[in-house]
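Chemist: missing the sequence, but the structure's below:
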C-alpha cells in the first residue's frame with residue numbers, strides 16, 4: 001500500500017484517503033431525526049434514523065402541501081438534538097416570520113434567515129458560509145444545517161435584468177445555473193458534514209400517458225439530492241371540524257439508502273407539535289403482524305382499542321418491546337436486502 005499512501009500524500013487533497021479509513025463526504029455516520037418514526041424509516045431504513053447528516057434532501061410537492069412546515073419540523077428536531085447547533089435558512093418566498101418560527105417551538109436565536117432572490121446570490125452566500133465553517137478547527141465546529149425554501153422561487157440575475165429593462169424574453173439559463181450551484185455546493189456540504197433540506201415545486205407533465213408529477217428546476221437538484229420525497233396532502237380536522245394540520249402522503253421518489261417508490265403517510269400539525277412522532281406505525285405493525293386487527297379495532301397485546309385511542313396516548317401502547325418489533329418490520333419494508 002506504500003504507493004497508494006504516497007499518491008494520497010502528494011495529491012494535496014486533504015479529503016483524499018483509503019476507503020477502508022472512511023470516506024469523508026460519503027459515509028453517513030449521523031442522521032437528523034425528522035420527528036416522525038415512519039418518515040425516518042422511509043429515508044434511512046430505521047425508525048431511529050432520519051435524514052443523512054451530510055447529504056441534500058429534497059421535499060417536493062404542489063403549493064400548500066406543507067413543505068415549509070415539514071422542513072421547520074425537522075429544523076426544530078435538529079436544534080433540540082444539538083443544543084449548540086444552528087440553522088442557516090435561505091428564504092425566497094417572504095413567507096417566514098418570527099411568530100411562525102417561535103410558535104413551532106424553534107429557538108429563533110439559533111436560526112439565521114437569509115432572504116435570497118437569485119440562484120447566483122444563493123450559491124455565493126451558501127459557499128461562503130461553508131468555506132468559513134470549514135476554516136474553523138474541526139473540534140470547534142458546532143452542528144449546522146442548511147435549508148433552501150424554495151428552489152422554485154429563485155430567479156436569475158439575467159431574468160431580473162430583463163424584467164428591469166422590460167424584455168419579454170424567457171431565461172434559458174436557469175436550469176444550468178441550478179445544476180452548477182449544486183455541483184459546487186453538494187461536495188462542500190458533504191465534506192463539512194452539513195445536512196441540507198431543499199423544498200421545491202412539482203408540476204403536471206403535459207402529454208404523459210398517465211398523470212405524472214415532475215419536479216421543477218431541471219436536473220440539478222435531482223442529481224445532487226441523496227433523497228427526494230414527493231408530498232401530497234389531505235386536511236386533518238379536530239372534533240370541532242377545524243383544520244389543525246395535514247395528513248401528508250410521502251413517496252421516496254429517489255433514495256440512495258432505502259427502496260425507491262416506498263410510500264407512507266404521516267400527520268403534520270400546524271402548531272408546535274409539527275410531525276406526529278407515531279403516526280403511520282399502526283399500519284406498519286398490522287402489515288407485519290406486530291398488531292392484530294379486529295374490525296375497526298387494533299389488537300395490541302391483550303388490549304383491543306380504536307386507532308384514535310392509540311394515537312391519543314401512544315407511549316402507553318408503543319412500548320420498547322413493541323418498538324423493537326416495529327424496527328425489524330421497518331427494515332424489512334424499506335431497506336434493500338431484507
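Modeler: Structure received. Note that the structure is a prediction, hence the values are computed from the model and not measured.
Chemist: Residues in contact with the longest helix seen in the chain: which ones?
Modeler: For the chain, the helix with the greatest residue count under DSSP state H is helix 174-192. By C-beta atoms under 8 Å, 6 or more residues apart in numbering, the list of residues contacting helix 174-192 from outside reads 15, 24-26, 54-56, 119-120, 122-123, 126-127, 130-131, 133-134, 141, 144, 146, 151, 154, 156, 159, 195-196, 217-221, 223-224. (Glycine included, C-beta is placed from N, CA and C.)
Chemist: ranges for the helices of this structure?
Modeler: So, for the chain - with DSSP H - the helices run 2-11, 37-44, 67-81, 98-103, 119-135, 157-164, 174-192, 220-224, 281-287, 307-312, 314-317, 320-334.
Chemist: Of the contacts of helix 174-192, just the buried ones, PyMOL syntax please.
Modeler: With 16 or more other C-beta atoms under 10 Å as the criterion, this PyMOL line picks the buried residues out of the contacts of helix 174-192:
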select buried, resi 24+54+55+56+119+120+122+123+126+130+133+144+146+151+154+156+159+195+196+217+220+221+224
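Chemist: Verify the contact between residue 314 and residue 282 for me.
Modeler: No. If you go by C-beta atoms under 8 Å, residue 314 and residue 282 don't touch, sitting 9.5 Å apart.
Chemist: between the two, who's got more neighbours?
Modeler: Between residue 314 and residue 282, residue 282 has the larger neighbour count (other C-beta atoms under 10 Å), namely 22 against 16.
Chemist: which one is that one nearest to, not counting chain neighbours?
Modeler: Closest residue to residue 282 in three dimensions, ignoring its sequence neighbours and counting by C-beta to C-beta, 6 or more residues apart in numbering: residue 307, at 5.6 Å.
Chemist: any idea which of the helices of the chain is most buried?
Modeler: Mean neighbour count (mean count of other C-beta atoms under 10 Å) peaks for helix 37-44 among these, with a mean of 28.
Chemist: quick one: average pLDDT of it?
Modeler: Summarised as a single mean, pLDDT over helix 37-44 is 97.
Chemist: If you count contacts, what does it end up packed against?
Modeler: strand 51-52, strand 227-237, strand 243-255, strand 263-269, helix 281-287, helix 320-334 (3 or more C-beta pairs under 8 Å, 6 or more residues apart in numbering; DSSP states H and E).
Chemist: about what we covered before: as CSV, the helices of the chain with distance to residue 60 would be great.
Modeler: Below are those laid out as CSV (distance: least, C-beta to C-beta, whole Å):
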stretch, distance to residue 60
helix 2-11, 37
helix 37-44, 14
helix 67-81, 8
helix 98-103, 21
helix 119-135, 17
helix 157-164, 22
helix 174-192, 14
helix 220-224, 9
helix 281-287, 23
helix 307-312, 27
helix 314-317, 29
helix 320-334, 19
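Chemist: Out of these, which gets nearest to residue 293?
Modeler: Shortest distance between residue 293 and those, using C-beta to C-beta, is found for helix 281-287: 5.6 Å.
Chemist: What's the separation between residue 316 and residue 146?
Modeler: Going from residue 316 to residue 146 by C-beta to C-beta, to the nearest Å gives 38 Å.
Chemist: Residue 231 too?
Modeler: In this view, residue 231 and residue 146 are 20 Å apart by C-beta to C-beta.
Chemist: give the contact list for residue 38.
Modeler: Contact analysis of residue 38 by C-beta under 8 Å, 6+ apart lists 47, 264-266, 279-281, 284, 330.
Chemist: in the protein, which ranges drop under the pLDDT threshold?
Modeler: Applying pLDDT under 70 to the chain flags residues 1, 24-25, 169-171, 208, 210-211, 235-244, 338.
Chemist: Would you map out the domains in it?
Modeler: 29-277, 280-338 (automatic domain parsing).
Chemist: Turn those into TSV, including distance to residue 8.
Modeler: What follows is the domains of the chain, written out as TSV (distance: least, C-beta to C-beta, whole Å):
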stretch	distance to residue 8
domain 29-277	16
domain 280-338	31
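Chemist: Show me the contact partners of stretch 205-222.
Modeler: Under the criterion C-beta under 8 Å, 6+ apart, residues 56, 58, 60, 62, 151-152, 174-176, 178-183, 198, 200-204, 228, 230, 253-254 lie in contact with stretch 205-222.
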